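1. pasting the structure only:
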């Protein structure tokens, strides 16, 4: 078991190969660490200059004024072996290697990686990479990607995986479009040393991490993986995105990171047995992560749905059973409460189609009355409101969700922004998710996320019989 | 066989129940028809006022100064029967009924609908609805929804279905986010008269319609449906979104539009045999519609992929076989051309991971060289470029796609905007799709759409052996 704290919260960092030139990786890393507000000691290392981004630059690791917890080596792959020796010489125990061209590209690269790792191991140096763009931690204010990254919203979701996209493209997407907060990110690259097992063991007990998600193309040491995954899932929700489902995918994986992808069914069974959730793609990963981060686990299978359109009711009803959810018929008292907003000829049902009520009472009252009636129903354990973003159904959406969340903090809530104006979509999503209400683009996606909460609740033994 | 021209391109329209009050359905319909630039005669009918939105208002259908091709009756359901008699009296042959509360809400409504339809049939009046928000045609400038709709981009895609969402929420979404152009929309509601079969027969030979998509909760007259679907699919691509896949969905459908959903497997088999494509949801419907509208059918199964990230290559490779697509290894000449941008140690493969080439040559040159090499390969029949929207990979995307489309008008192209900044995502999508290059959010969605083109090509017998 390794303690990875120094990869996320080091007291001091050396960036070997730091650069004064904007746009170069060795400049970007220093910029990112400053941008994230790192308060420890940051040492750029470059024999060719004296100052980088306002920091004193050192000519070599040997010149540093103090000990260094984490070294990032922004060097061509051929210089990596020399760097490992230098780290060993000064007693630096943790190294991130961004360079590609190792086991990711064939036999020659594989041989080079083996040499590097032998040297690191004999010196007791832990390595993230090669082919890794490193780590992000919003608690400690560190971000080591080789591409620019703006400071991220802090939160409880930690993500890791082989791909550098997590701390580059997806980090930007989460920040600008998904609205949940990140605690830690790690891009493991070729996983020559640190791998999924290390990260799972570390994050399972990491205080800042409330939800774990990871992307993998295949793991080593299945026994350790199963134990680490189960321990992590006991402690917090774990979402697993595993590629290599088809022969074509497994071939591509071999040439990407050199991993052996393994039998897909074995992975599915293992993930489920360990109490984690396998997700199909990054969309589902983010959809579920925000639901776990913001909403409670439901106490049962019952979902209440209030929708502006019969189409929303049909699509929801058509999907629910796939995710272990059902729509209880409203109790007599619920029907009575719903009737206050519904015209006489409209049945008080669940899913509730409220278009006629919107025409009669306006959207704020129609949604408010029907949603709160359904939320009060004891057989309704979670609630979804479906909107279509047209002027006729505009309302103050937090005036709807705020009281629901206050009255029923134990019931997960979600919104569906099914269609309508794209600008209004972005604005409503920002408002809702800024207040912790996950907003999805279709009833299917909302039910899939609620189904993930329901499954975890079931697995944890919270679900009451009813 | 009915000629539905007068529902889409009438010479004259009467809006019975027209209103001076903004926000009321009877006002909105008149406003929408004016907004879309209708050049025929438009007659508001309301005994209580003399002018509506600058148009002379008439006290009854009997007062109109000329014949009327299409009547829209914005009246409470109880007044519908009277309206039908009045239409019969003046010889108006086509009627849209927006009111709900007929077969969509139970026995009493069903009885009312039966009465209305008996009266209409005996007078030879064709009815769209009840519970229908009517039609849109961008060629003739008509739009009859009861909610406001701004003028839409004209194009070749025609959509219809039971739901009013097509001409309200989804119309706005398509206009602001999906960028393809609409020819006709029709919301069939309860389908007491006009149904999927009528629309398929009409659109199959409609000149303005190049792609047909429809949503259904179940059809009547399976034999006529099969014939109509096959005839339409012979003429143009047809996309079918059918709900009622689960028992829960079928129950919801019965209470929504009263339709019988039928066995789901039977539908799947029938749709495929007729040469149409069954899509899973509205996302896939729009994804495929724009690919058919903008791109040619490929002459084979081979896809070329150029990606900024190995992750994109893996996800694409993992998905392709599901959609009947494959990645041919680059021909020797292709490899030679690719090498001009790739560092020595990076293999020239397909899918092509070009991150190292971007670092070495910049994104414009790296994408340009590798994509055009792959597009020139005779075994590559369609091409996808995968981007992640970060500053480091920014480029002029039409400077990339423009020459590709010009050199290979016979090969479908698509872009994947996999992650990155949300504002940059919206901007790139607008640029690409404004130029007819479909842009998708994941490799999986791009391959699904290309797979739809490939399947149609195969079915049409265009695919050459290779």
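-> Thanks, I have it. Computed from a prediction, not measured in an experiment: that's the story for all the values here. Numbers count the residues shown, from 1 in each chain, chains lettered A, B, ... in the order given.

2. which phi and psi does the closest residue in space to residue A:341 that isn't next to it in sequence have?
-> Nearest residue to residue A:341, sequence neighbours excluded (Cβ to Cβ, 6 or more residues apart in numbering or on different chains): residue A:369, at 3.7 Å. In short, each C-beta sits where N, CA and C put it, glycine included. Main-chain torsions, residue A:369, degrees, to the nearest 10: phi -60, psi -50.

3. Quick check: residue A:369 vs residue A:389, distance?
-> 21 Å (Cβ to Cβ, to the nearest Å).

4. With residue A:89 instead?
-> Taken as Cβ to Cβ, the span from residue A:89 to residue A:389 is 62 Å.

5. And residue A:175, by the same measure?
-> 23 Å.

6. Compare these two (neighbour count), which wins?
-> residue A:389 (24 against 19; other Cβ atoms under 10 Å in any protein chain shown).

7. does that one really touch residue A:428, like I thought?
-> Yes. With contact defined as Cβ atoms under 8 Å, residue A:389 reaches residue A:428; the gap is 6.5 Å.

8. Now do the shared contacts for the two.
-> Counting by Cβ atoms under 8 Å, 6 or more residues apart in numbering or on different chains, the common neighbours of residue A:389 and residue A:428 are residue A:417.

9. what sits against the closest residue to chain B within the stretch 101-250 of chain A?
-> For the stretch 101-250 of chain A, the residue positioned closest to chain B under Cβ to the nearest Cβ is residue A:249, at a distance of 2.8 Å. By Cβ under 8 Å, 6+ apart, the contact set of residue A:249 is A:243, A:261, B:314-315, B:317-319.

10. same check, this time on residue A:215
-> Applying Cβ under 8 Å, 6+ apart to residue A:215 gives the contacts A:159-163, A:166, A:241-243, A:282, A:285, B:311.

11. Tell me the secondary structure at it.
-> Secondary structure, DSSP: H, G, I helix; E, B strand; the rest coil: residue A:215 is strand.

12. Which residue comes closest to it once chain neighbours are left out?
-> Closest residue in space to residue A:215, ignoring its immediate chain neighbours: residue A:161 at 3.2 Å, by Cβ to Cβ, 6+ apart.

13. can you count the residues close to that neighbour?
-> 27.

14. And the contacts of residue A:249, which is closest to residue A:460?
-> Nearest to residue A:460 out of the contacts of residue A:249 is residue A:243 (Cβ to Cβ; 27.9 Å).

15. so that closest one makes contact with residue B:314?
-> Yes. Using Cβ under 8 Å, residue A:243 is in contact with residue B:314, at 5.2 Å.

16. Who has more neighbours out of those two?
-> In this view residue A:243 and residue B:314 are compared by other Cβ under 10 Å, and residue B:314 has more residues nearby, 32 against 27.

17. And the helix or strand containing that one, what does it pack against?
-> Here residue B:314, judged by DSSP states H and E, is contained in helix B:310-320. When contacts are defined as 3 or more Cβ pairs under 8 Å, 6 or more residues apart in numbering or on different chains; DSSP states H and E, helix B:310-320 packs onto helix A:247-256, strand B:303-307, strand B:352-353, strand B:382-389, helix B:443-459.

18. want to throw these into TSV with distance to residue B:237 and mean pLDDT?
-> Formatted as TSV, those follow (distance: least, Cβ to Cβ, whole Å; pLDDT from 0 to 100):
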stretch	distance to residue B:237	mean pLDDT
helix A:247-256	26	75
strand B:303-307	19	98
strand B:352-353	30	96
strand B:382-389	16	97
helix B:443-459	6	97
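
19. Put together CSV for the ones you listed, with distance to residue A:21 on each row.
-> Below are those laid out as CSV (distance: least, Cβ to Cβ, whole Å):
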stretch, distance to residue A:21
helix A:247-256, 29
strand B:303-307, 27
strand B:352-353, 25
strand B:382-389, 23
helix B:443-459, 33
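
20. Ranking helices and strands of chain A by mean pLDDT, which lands last?
-> Every helix and strand in chain A was compared by mean pLDDT, DSSP states H and E; the lowest is helix A:247-256, with a mean of 75.

21. So what touches the helix or strand just after it?
-> Counting by DSSP H and E, the next helix or strand C-terminal to helix A:247-256 is helix A:264-273. Helix A:264-273 is contacted from outside by A:222, A:225-226, A:229-230, A:240, A:242, A:244-245, A:277-278, using Cβ under 8 Å, 6+ apart.

22. Narrow those to just the buried residues.
-> By neighbour count, with 16 or more other Cβ atoms under 10 Å in any protein chain shown, the contacts of helix A:264-273 hold A:225-226, A:229-230, A:240, A:242, A:244-245, A:277-278 as buried.

23. So which of those residues sit within helices?
-> In this view, those that belong to helices under DSSP state H are A:225-226, A:229-230.

24. would you turn those into a markdown table with distance to residue B:211?
-> Output for those, formatted as a markdown table (distance: Cβ to Cβ, whole Å):
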| residue | distance to residue B:211 |
| --- | --- |
| A:225 | 47 |
| A:226 | 49 |
| A:229 | 46 |
| A:230 | 49 |
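
25. show me which of the residues you listed neighbour chain B.
-> Taking Cβ under 8 Å from any Cβ of the partner chain as the test, chain B is in contact with none of those.

26. For the stretch 1-150 of chain A, what lies in contact range of chain B?
-> Contact residues, the stretch 1-150 of chain A versus chain B (Cβ under 8 Å from any Cβ): A:23, A:100-101, A:104-106, A:108-109, A:147-148.

27. Tell me how many other residues surround residue A:388.
-> 26.

28. Buried ones in stretch A:148-155, by neighbour count?
-> A:148-149, A:152, A:155.
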